[in-house]
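S.K.: Just to be clear, the model below is a prediction. Sequence and coordinates:
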Amino acid sequence: MQKVVIVGATSAIACEAAKCMAAQGAELFLVGRNPEKLETVAADLQVRGAQRVETFVLDVNDVARHQEMLDAAVAAFGWLDGLLIAHGTLGDQHKCELSVEETLREFQTNALSVIALLTLAANYFEQRGRGCIAVLSSVAGDRGRPSNYVYGAAKGAVSLFLQGLRARLARHGVAVVTIKPGLVDTPMTAHLRKGLLFSSARRVGRGVYRAMQQGRPVVYLPGYWRLVMLIIRLIPERVFQRLSL
């Protein structure tokens, strides 16, 4: 996989995945909203072996510019082999409960902007007849929990959308990879107390790279989260409502 677009390229997990790609001499098209951070990441990836690195400044909620971004990537590289969507926010659940505006803002960033971008990207890769689309969803989307159900609902929507997209594109030779990280030690989770289930961004980023290389349908990172979430999904609703999760 040599020509890859990474949306949310300055996020900790995306950076680690990009380092793996750079080490293999990939050409990377980095997309993010902070131009200074983008240039810093780009310079680092070039040192690490990336054959070519281009940047594109975009607020993902500016849906009207998604096609412009994809067109720019194709114009720069000639064609695309892969797309990694790794942007997102971990909003304040309590603020969302008190504000419709806050809830919709979180849903826009974590779900609707992703779905909008996937709609355009799917058409490109379907026509190309090959490639890999990978998206960072979350284990939070597997079951609604009182501590983060707005975030979880957005990620759940993305996971379900990807499931249908995977079935659509499989016949066209395009892999669609749903990546479900658990708790990861990143700036986004800096306010959370770290426990035994937390993993490093480096470990998860490498897992993202492997998942894209292999084209696996659904990947939990680290792998033990598959068992953790299976247990959580099997808890009866009456019992689940009494738990502090």
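M.R.: That came through, no problem. Remember, predicted model here, so these are calculated numbers, not experimental data.

S.K.: how about residue 233, secondary structure?
M.R.: helix (DSSP: H, G, I helix; E, B strand; the rest coil).

S.K.: leaving aside the residues next to it on the chain, what's closest to it?
M.R.: Spatial nearest neighbour of residue 233, chain neighbours left out: residue 143 (5.5 Å); criterion: C-beta to C-beta, 6 or more residues apart in numbering. Using the backbone N, CA and C atoms, a C-beta is placed for each residue, glycine as well.

S.K.: neighbours around that neighbour, how many?
M.R.: Counted by other C-beta atoms under 10 Å, the residues lying close to residue 143 total 17.

S.K.: List the pairing partners of the longest strand along the chain within its sheet, with orientation.
M.R.: In the chain, with assignment by DSSP state E, the single longest strand is strand 174-181. If you go by DSSP bridges, strand 174-181 pairs up with strand 131-136 (parallel), strand 218-221 (parallel).

S.K.: looking at these, which is buried most?
M.R.: strand 131-136 (a mean of 25; mean count of other C-beta atoms under 10 Å).

S.K.: Which helix or strand lies directly C-terminal to that one?
M.R.: Moving toward the C-terminus from strand 131-136, the next helix or strand (DSSP states H and E) is helix 149-170.

S.K.: Contacts for that next one next, please.
M.R.: The contact list for helix 149-170 (C-beta atoms under 8 Å, 6 or more residues apart in numbering) reads 90-91, 93, 96-97, 103, 106-107, 109-111, 114-115, 118, 122, 125-126, 133, 135, 137-138, 140-145, 175-176, 178, 180, 217.

S.K.: Flag the shaky bits of this protein, pLDDT-wise.
M.R.: Applying pLDDT under 70 to the chain picks out residues 1, 190, 195.
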